[in-house]
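**Student:** A structural model of the following input is requested.
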Amino acid sequence: MSNEWTTGIPGLDTYAKPEAMSLWLIASPPGMGKTARTLDMAAAAYREGRRVMILSYEMAALHLLTRLGARGVALEDVPRPRLAIRSLARGTPLPEADITTFAPDLLIVDTLSAACQQVGVSYLPSVVADAAQMLAGMALDRNCCIVTTAQTGRSMDPRGDTQRLLPTYEKVDVALLCHCPYETPRPYIIDVVKNGRGQLGRITLRLVPSEARAVEEVLVA
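**Tutor:** Predicted coordinates for the structure are as follows:
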């Protein structure tokens, strides 16, 4: 197993890579690729020989497994000791005993608001930030990388939610904001917010999905 982690997301590895004891947040409006990006990371980690656990409050385990298969994870490999997928009902606590037993290198929790067990208040910044703090502690305690997701408003550009989500950004190591603005040709954009020493740095990746490559990187102070 390589010591170098990769994200499976074009252009991102040069700026941020997963590592043990880190927390990542992937945020977007509905239908803009939150789960897809987590599965990119899961497939990349699995191919590198890492233990991957996916806990989803959003999708059935079979659907997630099918989508992993489209990313090169052979379905005949499942079940295997290095991959675990579970669907959870909203409001169900995270199965901490199962997480401890499985000991994942990469743990995916989809979504952050559902994991906080606060049904109906998923958009309160304090609640989401508290849930992020809980997952950050779990990443440290279990020496793993945790990737979780959050839904922003329905605007095509989630950067308008930056101020609202700022308490959450401050709890995570890396945040990805995914969106597709109304442009022609229509790009897929990921804003990468990296938390380091109390300061937030940002880079923007403009992707060409059909070619699986980043075509532009814009550093933002």
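
**Student:** In this structure, spot the helix with the most residues.
**Tutor:** helix 125-142 (DSSP state H).

**Student:** So what angle separates the directions of the helix or strand following that helix and helix 125-142?
**Tutor:** Sequence order places strand 145-151 as the next helix or strand after helix 125-142, per DSSP states H and E. Here strand 145-151 runs at an angle of 170 degrees relative to helix 125-142 (axes from the mean of the first three to the mean of the last three CA atoms, to 10 degrees).

**Student:** low-scoring stretches of this structure, by residue?
**Tutor:** Residues of the chain that meet the criterion pLDDT under 70 lie in 1-4, 75-80, 115-127, 153-167, 181-187, 196-202, 207-221.

**Student:** That one: helices as residue ranges?
**Tutor:** For the chain, the helices defined by DSSP H occupy 34-47, 61-69, 96-102, 112-115, 125-142, 162-169.

**Student:** Quick one: closest of those to Met21.
**Tutor:** Closest of the helices of the chain to Met21 is helix 125-142, at 5.1 Å (criterion: CB to CB). To be clear about C-beta, it is placed using only N, CA and C from the backbone, and glycine gets the same treatment.

**Student:** how about that closest one: buried residues?
**Tutor:** 127-129, 131-136, 138-139, 142 (16 or more other CB atoms under 10 Å).

**Student:** For it, which helices and strands make contact with it?
**Tutor:** Packing partners of helix 125-142 (3 or more CB pairs under 8 Å, 6 or more residues apart in numbering; DSSP states H and E): strand 23-28, helix 96-102, strand 106-110, helix 112-115, strand 145-151, helix 162-169.

**Student:** at 7 Å what do you get?
**Tutor:** Counting contacts by 3 or more CB pairs under 7 Å, 6 or more residues apart in numbering; DSSP states H and E, helix 125-142 packs against strand 23-28, helix 112-115, strand 145-151, helix 162-169.

**Student:** Of these, which is nearest Arg86?
**Tutor:** Per CB to CB, nearest to Arg86 of those: helix 112-115, 12.6 Å.

**Student:** So which residues make contact with the closest one?
**Tutor:** Applying CB atoms under 7 Å, 6 or more residues apart in numbering, the contact partners of helix 112-115 are 25, 57, 90, 94, 109, 122, 128, 131-132, 148-150.

**Student:** Which two among those residues are spaced furthest apart?
**Tutor:** Leu25 and Arg90 (18.8 Å).

**Student:** Who has more neighbours out of these two?
**Tutor:** Leu25 (26 against 14; other CB atoms under 10 Å).

**Student:** surely the more buried one meets Ile146?
**Tutor:** No: with contact defined as CB atoms under 7 Å, Leu25 does not reach Ile146; the gap is 9.5 Å.
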